[in-house]
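J.: pasting a predicted model and its sequence here:
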Amino acid sequence: MGKPDLIIETRALRRRFVTHKPLVGAQTEVRAVDGIDLRIRRGETFAIVGESGCGKSTLARLLVRLIDPSEGSVIYDGTDISRISADKMRGLRRDLQFIFQDPFSSLNPRMTVGALVEEPMRAHRIGTRRERRARVAALLERVGLMPEHANRYPHEFSGGQRQRIGIARALASGPKVLIGDEPVSALDVSIQAQVVNILEDLKQEFGLTLIVIAHDLAVIRHMADRVAVMYLGEIVEEAPVAELFTAPRHPYTEALISSIPVPRVGARAGVATIDGEPPNPIAPPPGCRFHPRCPYAQAVCRAERPKLTRGPDARSVACHRHAELSLTGLAPDIAARSPEAEQRFSLYRAARATREGAKPSGSFPQPLTPDKE
Amino acid sequence: MPEDAPLLQITDLSIRFGAAATNLVDGVSLSLDRGETLCIVGESGCGKSLTALALMGLLPTPPARLMSGTAMFEGRDLLSLSLQELQNVRGDRMAMIFQEPMTSLNPALKVGEQIAEAVRRHKGVSRDAARNRALDMLQKVRIPAPEKRLDEYPHQMSGGMRQRAMIAMAMANDPALLIADEPTTALDVTVQAQVLDLMRQLQDESASAMIMITHDLGVVAEMADKVAVMYAGRIVEAGPVAAVFENPQHPYTIGLMSSMPSLGDRSGKLVTIPGIVPPADAMPEGCRFVSRCPFAQPGCALAPPMREFDRGHAVACWRAPLETGVDAPSPEIAGAA
Ligand SMILES: Nc1ncnc2c1ncn2[C@@H]1O[C@H](COP(=O)(O)OP(=O)(O)OP(=O)(O)O)[C@@H](O)[C@H]1O
Ligand SMILES: Nc1ncnc2c1ncn2[C@@H]1O[C@H](COP(=O)(O)OP(=O)(O)OP(=O)(O)O)[C@@H](O)[C@H]1O
Ligand code: SF4
Ligand SMILES: [Mg+2]
Ligand SMILES: [Mg+2]
């Protein structure tokens, strides 16, 4: 195995926020991202998972420098983007695009959909006006909207449609990396499935690297190649997706996985879950940050902070006891279905395909080349 | 009241808003036995909360209008109780918990006082007895250091703790019926698992029946004895939970299940339901799923009735069972209707 082709790498990345600044005395701060080393490979779908407030959004924003790090660096394609000028960063924005969770607040309500999708191309001086218009139409079509929708305003669209507009906009500049911060979390299951499929198709067609933040573990199981699990500002485990779900190595990963409500009757009966809630990030516990909730914690866990260590098998884990523990993941037959259900699904699939057959599916418009750079 | 009558029997509940021509809850019928858990599952806006609010007498009328329906609960029709009668039932024989705990917790009152107050109002016990009951309940919902928590305000608690406090309050008077509207949707997955475990355990101990509203089929599989699948205001399929999961009949139920990413090995793209739910003012007259259904035929323009085809398992689709290729009624009949 050669050296993996990295597209984004972080080194000891940290970001603190001041949460309270008294007139006298020490200010309180939260270490939202607290020493993260990530290596994201070109063309993969990399997922970041963890509970509310663990720092996922902060990390995502750091990766594309929507915010600046307090310490450490983010290296995109060999360039340390945490050190370059704002001007140079503006050029790189073209490659690094962001999809927001909330399709309702992330689109300027006073701009037409066409203008919204065109904006990144204008910002990067891509194409002529006419070429850009054509590309807007093609992009809208590609995400399942109609070219005519370009003249409408975001409020005229449903949540799923707005998320598609957000995706078309993110794709407009021809990015290499797409980061979605909970890109499908606000959507209903049926609409979520449509958007997940669109993201996956576009990734293929466009050769994108996809970084997905999500708290829905099933979405991650479906979309990701590799997964990083975050807890209180740190990565506690990183692994290929199948291994992570079937054979977790960090007790927190085990807890997350055993907590997933499984859509099969009796599947999760009698599975033990952990107690408590994530502690206050302003005063994280000493030692392993998970130790107050960890069923396997020992003296060393309360005293020493475990380091994220890479094993020989490209898996990493930050747990003092990982070598001696044997943790439980999802059973291999977790997704098994009854024969009747299986039959119903294939009838449904077939009926869907027959009706779909009438409509040709559009292919993706080629990225335009910029005028000059 | 006969012993074998269901605890709750909802018949033909229909609700609309203002002058709209479409019922947002349309002909919903459900029944629930003592101690049973019924999950109502469906996507945003399908009418789950309206159904629950109607049962609790909490619908904003106006603008909401009750078009039809009865809901017999312990011998009385919940939908035609006076405000006084409702206030006597609510918080006593039936209670509700919400997604957002602050919907039912008063921010200005200590948690212990609120629970004790709910006990005193309905049981007429002494202050001390009520406070003891509150303490008892906080212990039951496994809030750490319950003596201390009695004197805390809701904002001093974390989201998960507040959720537990609300559950403690709802269960304080041993209701026969608990209505839970997305009680864990806002919680993190590990906390959700704890709260679901807790609710199951409390329910076992108290023999309360529960209607649990959720959009998560995983939660349904874990909690339900029976499930009702709702789409655009109507129940399209209902039955024992194992029957619905293992032998799904309605194209919407099947589409919903196949839209869900699986927890097993990736097996290609998700099989989706095309399109979106039609807006209320463009709701199809017949089967409301017709605009998205891959099995639709012209006859589906006529509303399919709920048909029971196996014990307690019913479906509202002309074409079910799908493998035998039954036809929807001819469009002429549909046109005449
Ligand atoms: N601008 C800010 N100022 C102060 N604190 C912040 C700021 N942004 C984030 N934080 C804090 O940093 C921590 C991590 O927040 P972040 O939004 O990254 O978490 P998250 O994992 O995305 O959570 P969620 O799942 O709820 O979106 C939290 O404690 C949060 O309160
Ligand atoms: N006050 C109101 N005025 C007008 N329409 C309303 C009102 N309240 C609810 N509705 C409509 O009634 C329908 C059903 O709403 P309901 O709240 O029952 O949905 P739900 O199934 O609970 O959805 P969710 O999963 O999003 O909570 C929706 O289309 C909603 O827009
Ligand atoms: S009645 Fe017709 S449109 Fe409705 S679900 Fe059945 S086949 Fe589909
Ligand atoms: Mg976030
Ligand atoms: Mg609701």
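T.: Done, it's in. Ligands and ions are numbered 1, 2, ... in the order given.
J.: ok, now how distant is B:S208 from chain A?
T.: B:S208 sits 20 Å away from chain A, going by Cβ to the nearest Cβ, to the nearest Å. In this view, the C-beta of every residue, glycine as well, is placed from N, C-alpha and C.
J.: for the closest residue to that residue other than its chain neighbours, give me the pLDDT.
T.: Excluding the flanking residues, the one nearest B:S208 by Cβ to Cβ, 6 or more residues apart in numbering or on different chains is B:L178, at 5.0 Å. Note on B:L178: pLDDT of 96.
J.: C-terminal to the strand or helix carrying B:L178, what's the next element?
T.: Using DSSP states H and E, B:L178 maps to strand B:177-181. Following strand B:177-181 in sequence order, the next helix or strand is helix B:189-206 (DSSP H and E).
J.: now the angle from whatever helix or strand comes next after that following helix to strand B:177-181?
T.: Elements were assigned by DSSP H and E; along the chain past helix B:189-206, the next helix or strand is strand B:209-214. Following axes from the mean of the first three to the mean of the last three Cα atoms, to 10 degrees, one obtains 10 degrees for the angle between strand B:209-214 and strand B:177-181.
J.: now the angle between helix B:189-206 and strand B:209-214, please.
T.: 160 degrees.
J.: tell me if strand B:209-214 is near ligand 2.
T.: No. If you take Cβ under 6 Å from any ligand atom as the test, strand B:209-214 misses ligand 2, and the best it gets is 6.7 Å.
J.: sheet partners, orientation included, of that strand?
T.: Using DSSP bridges, the strands paired with strand B:209-214 in its sheet are strand B:37-41 (parallel), strand B:177-181 (parallel).
J.: and the residue of the stretch 151-300 of chain A nearest chain B?
T.: A:P261 (3.0 Å; Cβ to the nearest Cβ).
J.: how many residues are close by B:M102?
T.: For B:M102, the number of neighbouring residues by other Cβ atoms under 10 Å in any protein chain shown comes to 12.
J.: which residues of the stretch 151-300 of chain B lie near ligand 2?
T.: Residues of the stretch 151-300 of chain B lying near ligand 2 (Cβ under 6 Å from any ligand atom): B:H215.
J.: residue ranges of the strands in the stretch 101-250 of chain A, please?
T.: A:177-181, A:209-213, A:226-231, A:234-240 (DSSP state E, counting those that start in this stretch).
J.: and B:I97, which of these is closest to it?
T.: Closest of the strands of the stretch 101-250 of chain A to B:I97 is strand A:226-231, at 28.6 Å (criterion: Cβ to Cβ).
J.: would you map the helices across chain A?
T.: If DSSP state H is used as the criterion, the helices of chain A fall at A:56-63, A:86-93, A:113-123, A:129-142, A:159-171, A:189-206, A:217-223, A:241-246, A:251-259, A:299-303, A:339-357.
J.: contacting residues for A:F245?
T.: Going by Cβ atoms under 8 Å, 6 or more residues apart in numbering or on different chains, A:F245 touches A:217, A:221, A:257, A:329-330, B:263.
J.: residues in contact with the closest residue to it other than its chain neighbours?
T.: Nearest residue to A:F245, sequence neighbours excluded (Cβ to Cβ, 6+ apart): A:L330, at 5.1 Å. Contacts for A:L330 were tallied using Cβ under 8 Å, 6+ apart; they are A:245-246, A:257, A:260, B:263-264.
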